[in-house]
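# please work out how this folds:
(chains A and B)
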Amino acid sequence: MRLLPQTIRGELALLAAVIAVPLLALLGYGLLDRARGEMAQAEAVARRLAENSADRLADYVATLRVTLESVARRPLVRAMDAARCDPRLADLVDLYPRVSSFITVDREGVILCSSRPLPRDRMLRIVDENLLREMLARPRLLVSRPIVSRVTGNWIVSVVQPVTDEAGALVGTVSVATELASWEPFPPPEALPGGALITVVTADGTIIAHSQQAGNWISKRLWDEGLLGRALQARAGVARARGPSGVEHIYGFKPVAGLPWMVLAGIPEDQVLGPARERLMRTVTLVALTVALVLALSWGIGARLAGPVGALAGAVRARAEGDRDVRLPVEGPRELAQVAAEFNRMAATLQSEEARLRDLNELSSDFSWETDAEHRFTQLVHGQRFRPVFTDRSDLGRTRWEMPSVAPDAEGWKAYREMVEARREFRDFHFARRDAEGRVRHFEVSGKPLFAEGRFVGYRGSGVDVTERVLAQEELARLNRELESRVRERTAQLEEAVRELEAFSYSVSHDLRAPVRHIDGFLKLLEQESPPANERAAGYLAKIADSSRRMTALIEDLLELSRSTRDPLEIGEVALGPLVEEVVRSLAPDCAGRRIEWRIAPLPAVLGDRALLRVLIENLLSNAVKYTRGRESARIEVGLERLEGGDTAVFVRDNGVGFDMRYRDKLFGVFQRLHGEEEFEGTGIGLATARRVALRHQARIWGEGEPGRGATFRFTVRPAEGSA
Amino acid sequence: MTAGRILLAEDNANDVELTLAALAQHNLANQVDVVRDGTEVLDYLLRQGAHAARAAGDPVLILLDLKMPKMDGFDVLRRIKSDAALKQIPVVALTSSRDGPDVRQCYELGVNAYVAKPVKFEEFARAVSQLGLFWMVLNQVPPPKG
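Below is the predicted model:
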C-alpha cells in the first residue's frame, strides 16, 4: 500500500519525526523513571518523617507518663488537698519547657493544685468533663482533645494520669498540659527536608500540632478530609494530597503508638519533582530546540530541494506547453544541478531537433496542416517561401472538401473523404483551387492519422504547391504531342527516303549492270569478229574485260550490302554446322589448286536470319581463303568460344597475312582496304556487310590480327534453346 | 503459220542484239520476233495493232524482260497468266536483277522460269541458248486447239 503522496518537505519532516519520536520516548521514559525514583524516595522520606515524628510523640507522651506516674505516687499529690500542693510540681515545669503546667484535679473535676498560679478569685474546674467521666469509669492514662486551658487560656492538650490512694481507689488525677502553640513535637528543622510540613491530628481530624505557623492551625480541622480518611483507614503509608496552601504534597502518615493521634508528614511535590521538572523542562526545551532545528534544517533542505525541483517541474511544464527557450539555472545540490544541466541539454537537443524538423518540413513542403477528429482544419502553418492562397485563415474550421476547389471532381472528393474517414495514411493527394487572383493553383498533400491513447484525434500532414510542376507536366505533354507528330512526320520522310533508296538500288541492280554486261558482251563479240591486231590490242581488250568484271563485282557487293541492311529479318533456328559446310563448298572454285586445312569444330544451332548469316560467314571464310593464298599450307579454323561476359562467339581463324591492329577500326568500313588491290582483289565491302549483318542481329563482330601471323574474326551468336 | 517462234520482249537494243547473237550461235536467231515494250507483247499475242497482220499461232516461248517502258514485265506476265488462251505459253523472265522480291513476284504471277542475265557474255549466251533449246525442242507444248 502506498502512502499519500508527500512533498519532499513532508518526507523530511516525517523522517525527522521518525528519528525524534523514539528518542523523545526514550528520553521521556528515562525522565519519568527518574522522577518515579525520586517520587519513591520522597515517599520514603515522608513516611520516615511521619514515623520519626510519631515515635518522638510516643516518646514524649511516654516520658510524660513516666513523670506523671511518679508524680501520682507522691503523697502530697495523693492527698488531693488544695491547701497542701506539692511544690515539686512547679519544679517539673522547668523540666518540661513545652509543658504549661502540671495540675491535680479531684474526682469532681475541680482543679486543686497547679504548677502555675491559678486565677485567685474562683475555683476552676477542668474543661473536659468527658475525659473525667471516662477516667472515673476506668482509671488509666488518657489524653485529652485540644482544649483551651482554664489556667492559661491557651490551646492545650492534657495527658491525664489517675491518682489512687494506698488502697488503690481513684482519688483524682494529675495531668500535664502541653501548650500546643509552642509544642513542636518534630524533628529539628535542620533535619527536615526543605518545605516539609508535619502535622499532628487527632483521630477526629483536629490539628494539634503543625510545623509551620502552628498558631493558625491549632484546633482547626485538617484541611483535607480525604487525606484524613485515607490516613485513618491505612493507619500507615503514603498518599498524595493538597497541602494547606493548596500545593500538592506527598504525605507520609503514621499513628502515634498508644494514642489517638496521627502524624502527617508532607513534602511538597514540587520540592521533590522540582529538579525533575526542571530537568524535564530543560530536556524538553533542548529536545524542542533540536526538533525545531531538525525541522528547520529539513525545511531548508526541502526548500533547497523543492525549489529547484519545482523549477524543474515548471520548466518541464513550460517545455511541454511549447516554450522552446526555457532553461534552468544550474545551481543547488550537485545532483539537482546535474538534473538541471541534463534538462538544459535535453531542451537544447529538442530545440535543435525541432528546428531541424521545422527546417526540413519547410524545405520539403510548403505548408503543414492539422485537423480534428471531424477533419476540420485546426492549424495551417505556411512555410516562408510559400505564397498562401488566401491571406486570411478562412480555411480553419472547414474540411478540405468544403473548400472551393476546381479539382478533383465530386467523385475524387468522395474517394478522399472515404480515405480519411477510414483513417488511412495517404500520400500526394492532388487538388486544385483558385487563389485570390483567380489563378488555378495545384497542391499535393500527405497526411497521417493521429491517435491519442488509441483514440483518433485528427490528421497531421504537409502540403506542397505543385502548380509549377503541373504546368510543366502539361507543357511537357504538349511538347510530347508535338514531338510525336514531328516524329510521325519525320518517319514518313524517312520512309520516303528508304523507298527512294530502294528504288535507287533497284535501278542500280538493273540499269547499272546492263551497260557493264553490254561492254562484256560486245567485247566478246568483237573478239569473235576480228582477233586483236597485235599483242597490245589484246592487252587493251583484256583490261576492258577485267574492268567490267570488277565493276560487276562492285555492283554485286554493293547490292549485297544494301540487301543486308534492307531485307526484313527472318529470325529462326539456323544450324551453323551445315551452313558453314555449305559456304565452304561454295568456295571450292577459289580453293582450286590450293592446300587448305579446314578445322571446323561442331557448331550449334543459333537464332538468326539464315540468308544474312550466310552472307556473314561467306565474307569471313572467303576473306580467310583469300588472305592465306600465299601460304604453302593454309589453315582455317572455325569454332565456338565462350566469352568472359557469358556470351558465345564463333571465331574464324587463319594463318594468313594478318593485319596491323592499328587499323582494326578501318576493317569494317565500306571501301576500306588494308591491302593493295594488286595483292588481294576485293571491293572493300565484304566486312562492312558482315558488320551490318552482325548489327542487325544485335551481335558484336571484331577482329584481331598480326601482320604475317594471321587473323581471327569473331562474332557473337545466340545459341537456340536446347542447342549445345 | 510459222512454227516455233520465240518472242523476245526487250526494250534495250544492246540486249536485243546480244540476245540475238547468243541465239544465233545455236541457229535460233531467225526464229525470234522482237517487241520493244509490254503493250507490244500483248499486241503481238493478240494480233492487234502493229501485229494485226501477223500469221496466227502462239510463240513457243516468251523471253520477257521485266523492265520495260509503258507496260513492264510484271504487268505483261499478269495479263498472260490471267488469260485462259495465253497462259499455256511458257514465259521466261529475263532480268538484270537477282533481287529477291522480283523473283518471288514473278513466280507468284506464274512465270515458268527466271533467268538473271549473267554479266559474262559467254555465260549469258549459254543461258539464253539453253533456254531456247529447252523450250523449242524438248518441251512438249499442248497441241493447239481446234
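# which parts of the stretch 301-450 of chain A are strands?
Along the stretch 301-450 of chain A, the stretches classed as strands by DSSP state E, counting those that start in this stretch are A:367-371, A:377-382, A:426-434, A:440-452.
# out of those, flag the one nearest chain B.
Nearest to chain B, of all these, is strand A:426-434, at 54.7 Å by CB to the nearest CB. For the C-beta atoms, the positions are set from N, CA and C on the backbone; glycine is no exception.
# contacts for the closest one next, please.
Contacting residues not belonging to strand A:426-434 are listed as A:389, A:400, A:403-408, A:412, A:416, A:419-420, A:440-447, A:466, A:470 [CB atoms under 8 Å, 6 or more residues apart in numbering or on different chains].
# circling back to that earlier point, okay if I get the strands of the stretch 301-450 of chain A as a markdown table plus mean neighbour count?
Rendered in a markdown table, the data for the strands of the stretch 301-450 of chain A read as follows (neighbours: other CB atoms under 10 Å in any protein chain shown):
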| stretch | mean neighbour count |
| --- | --- |
| strand A:367-371 | 20 |
| strand A:377-382 | 16 |
| strand A:426-434 | 15 |
| strand A:440-452 | 17 |
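# now the ones you listed in JSON lines, with distance to residue A:31?
Shown next, in JSON lines, are the strands of the stretch 301-450 of chain A (distance: least, CB to CB, whole Å):
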{"stretch": "strand A:367-371", "distance to residue A:31": "72"}
{"stretch": "strand A:377-382", "distance to residue A:31": "71"}
{"stretch": "strand A:426-434", "distance to residue A:31": "82"}
{"stretch": "strand A:440-452", "distance to residue A:31": "63"}
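# including mean pLDDT, could the ones you listed go into a markdown table?
A markdown table is the format used below for the strands of the stretch 301-450 of chain A (pLDDT from 0 to 100):
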| stretch | mean pLDDT |
| --- | --- |
| strand A:367-371 | 87 |
| strand A:377-382 | 83 |
| strand A:426-434 | 90 |
| strand A:440-452 | 90 |
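# for residue A:151, find the nearest of those.
Within these, the stretch nearest residue A:151 is strand A:440-452; the backing value is 113.3 Å (CB to CB).
# how about the residues of chain B near chain A?
B:12, B:14-15, B:18, B:21, B:67, B:95-100, B:117-122, B:124-125 (CB under 8 Å from any CB of the partner chain).
# now, those residues that are in strands?
residue B:95 (DSSP state E).
# quick one on the thing from earlier: tell me which of the strands of the stretch 301-450 of chain A sits nearest to residue A:24.
Using CB to CB, the nearest of those to residue A:24 is strand A:440-452, at 52.7 Å.
# in terms of secondary structure, what does the helix or strand following that closest one contact?
Following strand A:440-452 in sequence order, the next helix or strand is strand A:455-465 (DSSP states H and E). On a contact count with 3 or more CB pairs under 8 Å, 6 or more residues apart in numbering or on different chains; DSSP states H and E, strand A:455-465 meets helix A:334-364, strand A:367-371, strand A:440-452.
# for the shortest one, packing partners?
Helices and strands touching strand A:367-371, as assessed by 3+ CB pairs under 8 Å, 6+ apart, comprise strand A:377-382, strand A:440-452, strand A:455-465.
# list the residues that contact residue A:586.
residue A:618.
# I'd like the helices and strands packed on strand A:455-465 laid out as CSV, including distance to residue A:277.
Shown next, in CSV, are the helices and strands packed on strand A:455-465 (distance: least, CB to CB, whole Å):
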stretch, distance to residue A:277
helix A:334-364, 46
strand A:367-371, 76
strand A:440-452, 67
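# among the helices and strands packed on strand A:367-371, which comes closest to residue A:217?
Smallest distance to residue A:217 across these (CB to CB): 91.2 Å, for strand A:440-452.
# neighbouring strands - and their directions - for that closest one?
strand A:426-434 (antiparallel), strand A:455-465 (antiparallel) (DSSP bridges).
# redo those as CSV? Include distance to residue A:346.
What follows is the strands paired with strand A:440-452, written out as CSV (distance: least, CB to CB, whole Å):
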stretch, distance to residue A:346
strand A:426-434, 32
strand A:455-465, 23
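# wait, which of those strands is closest to residue A:331?
Once these are compared by CB to CB, strand A:455-465 is nearest, at 38.8 Å.
# domain map for chain A?
Domain ranges of chain A: A:15-288, A:365-465, A:571-717, per automatic domain parsing.
# in TSV, list these along with distance to residue A:338.
Formatted as TSV, the domains of chain A follow (distance: least, CB to CB, whole Å):
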stretch	distance to residue A:338
domain A:15-288	23
domain A:365-465	33
domain A:571-717	65
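# quick one: the helix ranked longest in chain A to chain centroid distance?
The single longest helix within chain A, with elements called by DSSP state H, is helix A:8-72. Chain-centre distance of helix A:8-72: 63 Å, with CA atoms, centre = their mean, to the nearest Å.
# that helix: what's the following helix or strand?
helix A:75-79.
# may I ask which helix or strand of chain B has the lowest mean pLDDT?
helix B:100-108 (a mean of 75; mean pLDDT, DSSP states H and E).
# packing partners for that helix?
So helix B:100-108, by 3+ CB pairs under 8 Å, 6+ apart, packs with helix B:73-82, strand B:113-116.
# turn the ones you listed into TSV, including distance to residue A:597, mean pLDDT and mean neighbour count.
Formatted as TSV, those follow (distance: least, CB to CB, whole Å; pLDDT from 0 to 100; neighbours: other CB atoms under 10 Å in any protein chain shown):
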stretch	distance to residue A:597	mean pLDDT	mean neighbour count
helix B:73-82	48	89	20
strand B:113-116	35	81	17
